[in-house]
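fold the following, please.
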Amino acid sequence: MSTNDTYLAVFLGSKTSPRMQAWMALPEAERRVKEQEGIAAWKAWAEKHHAAVSVMGGPLGKTKRITARGVADVSNEMGAFAVVRAESHAAAAKLFENHPHFTIFPGESVEVMPILPIPAG
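Next up, the predicted model:
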């Protein structure tokens, strides 16, 4: 693999999406069962792809946006992240096909992008 074989995966999902609304409408006991199923499936995914996972990452908490005007609390759709290594962008994306983030949990998608080298200056 080259120095451009590292990819950031961002797990996305809206707190107001129909999928999340349906998830939150489940009876608590049923939701807990699905959560345990999802956690087990996520761990199985990580085990299956352990050779490709550079940083397991994890869930993301509340967001602060820092600009020239200061710091503000904001909301976005990012829910978790991971860093993987793969031979190509397509191969990195393929790692996340049928991921429990959206097959069990109410997440909507995973976006995968290359981590580019810092330009020499």
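
where does this protein dip in pLDDT?
1-3 (pLDDT under 70).

what sits closest to residue 93 if chain neighbours are left out?
Of all residues not flanking residue 93 in the chain, residue 112 sits nearest, at 4.8 Å (C-beta to C-beta, 6 or more residues apart in numbering). (Each C-beta comes from the backbone N, C-alpha and C, glycine too.)

now do the helices in the chain.
18-25, 28-48, 89-94, 100-103 (DSSP state H).

residue 72: which of these is closest?
Of all the helices of the chain, helix 18-25 sits nearest to residue 72, with 23.6 Å by C-beta to C-beta.

need the residues that contact the closest one.
Residues outside helix 18-25 that contact it (C-beta atoms under 8 Å, 6 or more residues apart in numbering): 13-14, 31, 34, 105-108.

now it: buried residues?
Under the neighbour-count criterion of 16 or more other C-beta atoms under 10 Å, helix 18-25 has 20, 23 buried.

how much space separates the residue nearest to residue 13 when sequence neighbours are not counted from residue 67?
The shortest distance from residue 13 to any non-neighbouring residue, by C-beta to C-beta, 6+ apart, is to residue 107 (3.9 Å). Distance of residue 107 to residue 67, given as C-beta to C-beta, to the nearest Å: 28 Å.

please apply the same query to residue 40.
As defined by C-beta to C-beta, residue 40 lies at a distance of 41 Å from residue 67.

the more surrounded of the two?
Using other C-beta atoms under 10 Å, the more surrounded residue of residue 40 and residue 67 is residue 40, with 12 against 7.

quick revisit: going through the contacts of helix 18-25, which ones are buried?
By 16+ other C-beta under 10 Å, those give 13-14, 105-108 as buried.

quickly name whichever of the residues you listed is closest to residue 94.
residue 107 (17.7 Å).
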